[in-house]
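>>> Pasting a predicted model and its sequence here:
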Amino acid sequence: MSEKTENKVIRFVVTRQEGPDEPSYKQEFEIPYRQNMNVISALMEIRRNPVDAQGNPTSAVIWDMNCLEEVCGACSMVINGKPRQSCTALVDQLEQPIHLEPMKTFPVVRDLQIDRSRMFDSLKKVKAWIPIDGTYDLGPGPRMAENKRQWAYELSKCMTCGVCLEACPNVNDNSDFIGPAALSQVRLFNAHPTGEMNKEERLKELMGDGGISSCSNSQNCVQSCPKGIPLTTSIAALNRDTNIQSFKSFFGSDK
Amino acid sequence: MAENREFFNRRLHSLLGVIPIGLFLIQHFVVNHFATRGAEAFNQAAHFMEQLPFRYFLEIFIIFLPILFHAIYGLFIVFQGKANTKRFGYYRNWMFLLQRITGVFLLIFITWHVWETRIAAMFGETVNYDMMASILSNPFMLVFYILGVVAATFHFSNGLWSFMVTWGITVTPRSQQISTYATIGLFVVLTIVGLRAIFAFV
């Protein structure tokens, strides 16, 4: 760290592109060192004075951000090869030059900004909610056991950041795999005593094309999840549930 | 089930890899292992297998069709993935990649192996100890067969691990960890059995 303080600059290599269909290129930046910087405060520094490492004026680097405390998932990008949130990526802990790239599993809007719409579409597809609307008051639902609530809470930490999709070798242009995040949400909502009433619908969606069977157990998702969500446990549990559901659907069952 | 074709195919692919293909692999290795007791013992065992009743039915439905489906659908699965072990060098991610590499290699190896033995038998050649000994006397073929055996035992052992995940048997990280150790053990044992048989012909 003392070495970096002497340099008094932080070096960045940013992968940029002007628009969705434009070619990408790398640009280097050097910004003055301050203590306790994160990648976002460094990007703000570039925005304040958009000049590249060679001193040429350039356009400011575009990125997405919102909460700045790693709960919204908007500022995800690939930092030194690993997808993560730029708000919690502390400059003092990163090897320099710091490489910033967009998560190219998603359509790139511009520079580091990506479009995560497919994740929200997936949540709609698997009905990741609990339907409680009716024409009259349905009253309180069944209670959830405390020990179940505790593990289900871990699943609810998902912020749809897209890191697991970026890490998954089966999420790409050749496959329509829905990805680990939406799968784990099915387990969350199926665990809820009221949500359980629509369990079958969610499972049947996962048994469709690009559903759970497109998982090939590389387990990169669970290694990469910034929230430590047990994604592979969710996937294995849903494997069991969808298998049972397929037998029920084929041979018949009232439940 | 019919409306979920991909789900059904993937599950069938996983099932066939173990039953019957995995079981056939073990049976095949056990018969090969007779070679360690000498040419006579091997020829007797191979002859016994040839004399099984309903031979063609067993060959078609327990060996050829399952392997054909597993191989062709497996290739389709290979093309759906994009390996990223360079960025994510985790153990399971390497297994993911090796499963695909060994699978494609086995498609080539098994095609050659069946051509050289079973298809040759159809054209009147006798499959016995001497045939294998003459094939393996070629150093290139010896290496090819050693790689084939190791690829097969790896692909089966690692496939058994993911079979247990796919069928919802091992759900918790702990059970998956223990099944990792168990399948590594299986890989070692089967590789020893397979290689001992090969070297019995050399």
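Cool, got the structure. Since the structure is predicted, the reported quantities are computational estimates derived from the model, not experimental observations.
>>> Any regions of chain B where pLDDT drops low?
Across chain B, the ranges flagged by pLDDT under 70 are B:1-3.
>>> Just the closest residue of it to chain A, please.
Closest residue of chain B to chain A, CB to the nearest CB: B:G168 (2.4 Å). The C-beta positions use only the backbone N, C-alpha and C, and glycine is treated the same way.
>>> hang on, isn't that residue packed against A:S234?
No - taking contacts as CB atoms under 8 Å, B:G168 lies outside contact range of A:S234: 11.7 Å.
>>> Please give the element, helix or strand, for the spatially most central residue of chain B.
Nearest to the geometric centre of chain B sits B:A152, at 3.9 Å (CA atoms, centre = their mean). Under the criterion of DSSP states H and E, B:A152 resides in helix B:139-166.
>>> for the helix or strand following that helix, packing partners?
Next in sequence after helix B:139-166, counting helices and strands by DSSP H and E, comes helix B:173-200. Helices and strands touching helix B:173-200, by 3 or more CB pairs under 8 Å, 6 or more residues apart in numbering or on different chains; DSSP states H and E, are helix A:231-251, helix B:21-32, helix B:139-166.
>>> Name the residues of chain A found near chain B, please.
A:81-82, A:167, A:169-170, A:172, A:174-175, A:177, A:204, A:207-214, A:216-220, A:223-224, A:230, A:232-233, A:235-237, A:239-244, A:246, A:249-250 (CB under 8 Å from any CB of the partner chain).
>>> Now list the buried members of these.
Among the residues of chain A next to chain B, those scoring as buried are A:82, A:167, A:169-170, A:172, A:175, A:177, A:204, A:207-208, A:210-214, A:216-220, A:223-224, A:230, A:232-233, A:235-237, A:239-243, A:246, A:249 (criterion: 16 or more other CB atoms under 10 Å in any protein chain shown).
>>> I'd like to check which residues are in contact with the closest residue to A:S216 other than its chain neighbours.
Excluding the flanking residues, the one nearest A:S216 by CB to CB, 6 or more residues apart in numbering or on different chains is A:N170, at 5.4 Å. Going by CB atoms under 8 Å, 6 or more residues apart in numbering or on different chains, A:N170 touches A:F177, A:S214, A:C215, A:S216, A:S218, B:Q80, B:G81.
>>> please redo it, this time with the cut-off set to 6 Å
A:F177, A:S214, A:S216, B:G81 (CB atoms under 6 Å, 6 or more residues apart in numbering or on different chains).
>>> again with A:L238
Neighbour list for A:L238: A:L183, A:R187, A:I212 [criterion: CB under 6 Å, 6+ apart].
>>> Throw those into TSV and include pLDDT, thanks.
Below are these laid out as TSV (pLDDT from 0 to 100):
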residue	pLDDT
A:L183	98
A:R187	98
A:I212	96
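>>> The residue in the stretch 151-255 of chain A that chain B sits nearest to and A:F251: what is the separation?
Nearest residue of the stretch 151-255 of chain A to chain B (CB to the nearest CB) works out as A:R240 at 2.4 Å. Note on A:R240: its distance to A:F251, by CB to CB, to the nearest Å, is 17 Å.
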